[in-house]
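Asks: predicted coordinates and the sequence they were generated for:
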Amino acid sequence: MQISRPNCSEPSPEELLDLQKLKVTIERAISDGKLTPEEMRQIKTLVWADGKISPQELNLISHLVTQKLQEGELEWVW
């Protein structure tokens, strides 16, 4: 399914750097196949650092966290 976001502009160089930091943080958090509340809090802190959530940030979380949790590739540790 193709999703269109006509009002979404290309990320700025600063936003690209923030996305890269977020990706590294997520990959580090899930590298052991488990996600703890503390790791998720760190991810959320990065996402909300600028006071907004971009479609690109949501996409990263969706692909690197949510889908892996749903497919059983990642375990949520309470």
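Replies: Yes, it's here.
Asks: contacts only, for the most centrally placed residue in the chain.
Replies: By Cα atoms, centre = their mean, the mean C-alpha position of the chain lies nearest to Ile61, the distance being 2.9 Å. Shown in contact with Ile61 (Cβ atoms under 8 Å, 6 or more residues apart in numbering): Ile26, Ile43, Val47. In short, each C-beta sits where N, CA and C put it, glycine included.
Asks: that one belongs to a helix, doesn't it?
Replies: Yes - per DSSP: H, G, I helix; E, B strand; the rest coil, Ile61 lies within a helix segment.
Asks: gap between it and Thr36?
Replies: Going from Ile61 to Thr36 by Cβ to Cβ, to the nearest Å gives 16 Å.
Asks: all strands for the chain, in order.
Replies: For the chain, applying DSSP state E gives strands covering 34-35, 75-76.
Asks: now, of those strands, which is deepest in the fold?
Replies: strand 34-35 (a mean of 16; mean count of other Cβ atoms under 10 Å).
Asks: name the residues that touch that strand?
Replies: Where contact means Cβ under 8 Å, 6+ apart, the residues beyond strand 34-35 that reach it are Ala29, Val65, Leu69, Leu74, Glu75, Trp76, Val77.
Asks: tally of neighbours for the residue nearest to Ile26 when sequence neighbours are not counted?
Replies: Closest residue to Ile26 apart from its sequence neighbours, by Cβ to Cβ, 6 or more residues apart in numbering: Leu64 at 4.7 Å. Leu64: 18 surrounding residues under other Cβ atoms under 10 Å.
Asks: so who does Leu64 touch?
Replies: By Cβ under 8 Å, 6+ apart, Leu64 lies in contact with Lys23, Ile26, Glu27, Ile30.
Asks: list buried residues within these.
Replies: Buried by 16 or more other Cβ atoms under 10 Å: Ile26, Ile30, out of those.
Asks: reformat the contacts of Leu64 as TSV; add distance to Ser54 and pLDDT.
Replies: Formatted as TSV, the contacts of Leu64 follow (distance: Cβ to Cβ, whole Å; pLDDT from 0 to 100):
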residue	distance to Ser54	pLDDT
Lys23	13	97
Ile26	15	97
Glu27	18	97
Ile30	20	96
